[in-house]
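# Following is a predicted model, sequence given first.
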2 protein chains.
Amino acid sequence: MLPRLLWAVEFIVACGEFVIVFLHTISREAMQAKWIYLPALSCSFRVDMVEVRVSPSLEEAHEELVRAFEARKMVVMVAECSVNYSGRTGSQLGNGERLIVLKEDGCVLVHRGRDYQPVNWQPSGCIFQSQVEKGTLVVKAIRPTPLESLTIVTENMHLLASFHLKDEAAFSLHATEEDMQRAILVQPDLIEAGLKIVDFEKKVAPGFVDIYALDREGNTVVIEIKKDPAGFPAIKQLSEYLKHLQPAPGRRLRPIIVAPSLAKGAQPVVAKMGIEFKQLGLQKAAEVLQSHASSDQKVLKGWLGS
Amino acid sequence: MLPRLLWAVEFIVACGEFVIVFLHTISREAMQAKWIYLPALSCSFRVDMVEVRVSPSLEEAHEELVRAFEARKMVVMVAECSVNYSGRTGSQLGNGERLIVLKEDGCVLVHRGRDYQPVNWQPSGCIFQSQVEKGTLVVKAIRPTPLESLTIVTENMHLLASFHLKDEAAFSLHATEEDMQRAILVQPDLIEAGLKIVDFEKKVAPGFVDIYALDREGNTVVIEIKKDPAGFPAIKQLSEYLKHLQPAPGRRLRPIIVAPSLAKGAQPVVAKMGIEFKQLGLQKAAEVLQSHASSDQKVLKGWLGS
DNA sequence: CGTGCCAGGTGCCAT
DNA sequence: ATGGCACTTGGCACG
């Protein structure tokens, strides 16, 4: 067993099927360091999954960072640092402890103790650099277009972990505005019986009409879909489209807003402008898509082909 | 020294001024566990900063999570998990390895190996729960309003770190749209000589006019500021305001868009609608504010007081 | 590449 | 709480 108080753990690293512990002697007279190799205990534990260093020196951290960048591993750091951003605008953040994440696709997150949003970040596609400079570790993330750079100057590293996340799973988000559109496409009578879809995402001067259709009497139906309660922006958007559309001769133009509800003051305006409102929520749209699970593929393929 | 191959490190914990290493014997016949207490090496290293567990059992992870929640510590996990979200909409994410962050203010981030954005998250103000259930660790983050819940089911925990981030530093972001507004307020001749500011963030029916002023001939100037190239949305916004404003008798209404540039098709529309365009970028605005560093305080105070 | 639009947008501040 | 709006918005689709 370890002679108590004589050795201190410098850091612990998982490597292959071994756990490596790096120890320092405490005695100042005979300072020496040792690596100890220990076999991993559990078979269910992928011991090479996470490489962890507790309170590494900045030189060690730098070396590990370079290795991680080359191996395209994700890096998580808990460090005392200051952060500087320069690009589309610029920002400065004084010294303090933060959680820093560098991902394999070249994005960066700098998180403080609070808030959902990172205080500083860089989107995917950055080039990472690490260097030790005047007793600090300087990590840079440079994004080529638009040119912007994030500089993290670390004085003190508390934790450095690097690893590769194995993650092939699919992510599915239920019920988006696009789902509402698809629900109407596969089942137009959600709006009214006899509706014939003519087009969707139809380009008109100011933008794109969500759905463009004909009712059973040949009137042109223009549908604007909102997943949230529809307010003035939706009304304005729809009315802009109307200016650039006209019905068949002798027919009417029927603007319809499809949304779970109308925003507070919107009802009178909608009425005044001759816009119809059809209630449809995400839930219902999801159910419709579910029930058409097999057939909607065909329908959408048909639309895409046309 | 440690007899090689006889002991394996289960996890390492920083606690007070000691580093605690938990060891298992490898020999199956005489399986036993030991805690070893080692004094921390470096004085500059706040050894109680980060508590780390490499590959803890789910029960241990649960206990540590509960402690961290109670102590309002930040938690970082690398774990194999599946994630379920239900609330404003819903989502499902199958099994895979992810980085999970729980912050002291009750927000959650679930990050995959790529992408700037978290695949799942929860904003601040959530209540955290942890329980071990049928061989899995279930962590829930529930947000009361709007009611939504995030459920993380972990099968395998690779790393669990908990800590409190000491971070009092100020964050300053340079050159925002607000800075452009302030630059014009302290130096109205950025727009044109003789301009007199009357009001800003003036409420009109559809929203707020950025800056409301009079030119030297008494015409009413209505300014809409954009920090990015101004497109049709900016034009629409400004033209909406115009409908609800009128100049002094015998004077004109002069709508002006202030932006670094005009979006491609916007120029003819701006011309046709009688909107003026004045080029101003974030850079220039920042310089102006810099040069007025001392005096702008007074000016802004004046505005705030009025 | 720019332009337009959606997002479980988030965040800030107003009524 | 709801509304209006900026944000280093990010992200996707499309000319």
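Noted; the coordinates are in hand. Residues are numbered from 1 along each chain as shown, chains lettered A, B, ... in the order given.
# A:L137 against A:L160, yeah?
No. Contact status for A:L137 versus A:L160: not in contact, 10.0 Å apart, counting by Cβ atoms under 8 Å. Where you see a C-beta, it was placed from the backbone N, CA and C, and this is true even at glycine.
# okay, and the common contacts of these two?
Contact criterion Cβ atoms under 8 Å, 6 or more residues apart in numbering or on different chains; residues bridging A:L137 and A:L160 by contacting each: A:A61, A:L65.
# dump the residue contacts of the residue most central in space within chain A.
Centroid-nearest residue in chain A: A:P123, 9.9 Å away (criterion: Cα atoms, centre = their mean). Contacts of A:P123 were listed using Cβ under 8 Å, 6+ apart, and they are A:C107, A:R143, B:Y116.
# Same check on A:K202?
By Cβ under 8 Å, 6+ apart, the neighbours of A:K202 are A:F208, A:V209, A:Y212.
# Run through the bridge partners of it.
A:V209 (DSSP bridges).
# How much space separates it from B:L173?
Distance, A:K202 to B:L173, by Cβ to Cβ, to the nearest Å: 40 Å.
# My reading is that A:D228 is in a helix; is that accurate?
No. Under the criterion used here (DSSP: H, G, I helix; E, B strand; the rest coil), A:D228 is coil, not part of a helix.
# Give me the residues contacting stretch A:210-219.
With Cβ under 8 Å, 6+ apart, stretch A:210-219 has contacts from A:181, A:184-185, A:188, A:191-202, A:220-225, A:247-248, A:251-254, A:258.
# does that stretch come close to DNA strand D?
No. Judged by Cβ under 7 Å from any atom of the strand, stretch A:210-219 stays clear of DNA strand D, getting no closer than 13.3 Å.
# pLDDT of that stretch, averaged?
If you average the pLDDT over stretch A:210-219, you get 90.
# With adjacent residues omitted, what lies nearest to A:P260?
A:G281 (4.0 Å; Cβ to Cβ, 6 or more residues apart in numbering or on different chains).
# List, one by one, the residues from chain A near DNA strand D.
Checking chain A against DNA strand D by Cβ under 7 Å from any atom of the strand, the hits are A:85, A:87-89, A:91, A:120-124, A:148, A:150, A:201, A:203, A:229, A:231-232, A:263-265.
# Just to be sure, which of these are found in strands?
The members of the residues of chain A next to DNA strand D that map onto strands under DSSP state E are A:Y85, A:S91, A:N120, A:W121, A:Q122, A:E148, A:L150, A:E201, A:K203.
# Next, give phi and psi for the residue nearest to A:P260.
A:G281 adopts backbone torsions of phi -110, psi 170, taken as degrees, to the nearest 10.
# likewise A:K236?
phi -60, psi -50.
# And the helices in the stretch 101-250 of chain A?
A:177-186, A:232-243 (DSSP state H, counting those that start in this stretch).
# helices or strands next to the last one in the packing?
By that I understand helix A:232-243. Packed against helix A:232-243 by the contact rule (3 or more Cβ pairs under 8 Å, 6 or more residues apart in numbering or on different chains; DSSP states H and E) you find strand A:207-214, strand A:220-225, strand A:253-259, helix A:266-272, helix B:232-243.
# In CSV: those, plus distance to B:Q129 and mean neighbour count.
Formatted as CSV, these follow (distance: least, Cβ to Cβ, whole Å; neighbours: other Cβ atoms under 10 Å in any protein chain shown):
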stretch, distance to B:Q129, mean neighbour count
strand A:207-214, 40, 20
strand A:220-225, 36, 22
strand A:253-259, 34, 22
helix A:266-272, 39, 14
helix B:232-243, 43, 18
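# Any idea which of the ones you listed gets closest to DNA strand C?
Distance to DNA strand C, taken as Cβ to the nearest atom of the strand, is lowest for strand A:207-214 among those, at 2.2 Å.
# how much does the closest one deviate in direction from strand A:220-225?
130 degrees (axes from the mean of the first three to the mean of the last three Cα atoms, to 10 degrees).
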